[in-house]
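Q: sequence isn't available, so here's the structure alone:
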């Protein structure tokens with residue numbers, strides 16, 4: 001996981017904490033609100049984390065270990 005995705009998850013968690021941006025459901029007890037906010041966080045993170053991760057990888061300048069191994073394997077097969 002890249003730094004951008006981690007920062008995005010932290011920011012999303014803070015913003016979706018009960019009472020910061022919204023408070024769902026109105027009049028619910030603390031546990032109900034926490035559960036609903038956890039569902040909202042999970043849904044939003046699930047729908048957006050791939051795009052954020054891809055954007056972060058393209059802008060951070062880091063390459064994944066898997067891509068290094070794959071490119072090394074491709075280079076080794078060409079030499080044979």
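A: Done, it's in. Small disclaimer: the values here were computed from a predicted structure and weren't measured. Numbering: from 1, shown residues only.
Q: for the spatially most central residue of the chain, which three-state class applies?
A: Residue closest to the mean C-alpha point of the chain, counted by Cα atoms, centre = their mean, is residue 49 at 3.8 Å. For residue 49, the secondary-structure state derived from DSSP: H, G, I helix; E, B strand; the rest coil is helix.
Q: name the helix or strand for the closest residue to it other than its chain neighbours, please.
A: Closest residue to residue 49 apart from its sequence neighbours, by Cβ to Cβ, 6 or more residues apart in numbering: residue 5 at 6.2 Å. In this view, the C-beta of every residue, glycine as well, is placed from N, C-alpha and C. Using DSSP states H and E, residue 5 falls within helix 3-15.
Q: residues making contact with that helix?
A: 20-21, 41, 44-45, 48-49, 52-53, 55-57, 59-60 (Cβ atoms under 8 Å, 6 or more residues apart in numbering).
Q: what mean pLDDT does that helix get?
A: Helix 3-15 comes out with an average pLDDT of 92.
Q: cool, stretch 33-51 as well?
A: The model assigns stretch 33-51 a mean pLDDT of 94.
Q: and the strands in the chain?
A: In the chain, no strands are found when defined by DSSP state E.
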